[in-house]
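Novice: Quick one, structure for this:
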Amino acid sequence: MIQFNWSPGIETTDQFANFYTTYNLTRVQQRVRDLVNTCSIAQTADPRPHRTFRVVLLGTGVAGLWALLAAPAADVVVADVNNMDISDDQTLLDFNLFTPGLRNIGSFEGAALLAAPHRF
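Specialist: Predicted structure coming up:
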């Protein structure tokens, strides 16, 4: 078993203030970065040429979106978003869900499609 100490990145207090579309640090992007880094560390922890374990991401609630967006870095992803109604734009503007361009790729379905080229 590998244990990681999670330390959050720089927290954004108001992610809508001074928002630029070319440079943005939303909470979702920070959490996805943390998950991708954790998966990378876990996958390199076993020095053998063929790993004997799989890296599994489990996300529930708002963390379900985080897990979906970090899916290409993991071997297996389980995401449960608790029946969120994402047809309402106000829901996607929530502090823990705001992801620029998410609606353009098809919301949660688009996030899952990003992992499609990743073969397990």
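
Novice: all strands of the chain, in order?
Specialist: 56-60, 76-80 (DSSP state E).

Novice: Any chance you could list what contacts the last one?
Specialist: Meaning strand 76-80. When contacts are defined by C-beta atoms under 8 Å, 6 or more residues apart in numbering, strand 76-80 is touched by residues 54-61, 64-65, 67-68, 70-71, 112, 115, 120. C-beta here means a position set from N, CA and C on the backbone, and glycine is covered the same way.

Novice: and residue 64, what does it touch?
Specialist: For residue 64, counting by C-beta under 8 Å, 6+ apart, the contacting residues are 79-82, 108.

Novice: pLDDT score for it?
Specialist: The predicted local distance difference test score for residue 64 is 88.

Novice: which helices and strands does the helix ranked longest in the chain pack with?
Specialist: When the chain is parsed with DSSP state H, its longest helix is helix 27-43. Helices and strands in packing contact with helix 27-43 are listed as helix 62-69; criterion 3 or more C-beta pairs under 8 Å, 6 or more residues apart in numbering; DSSP states H and E.
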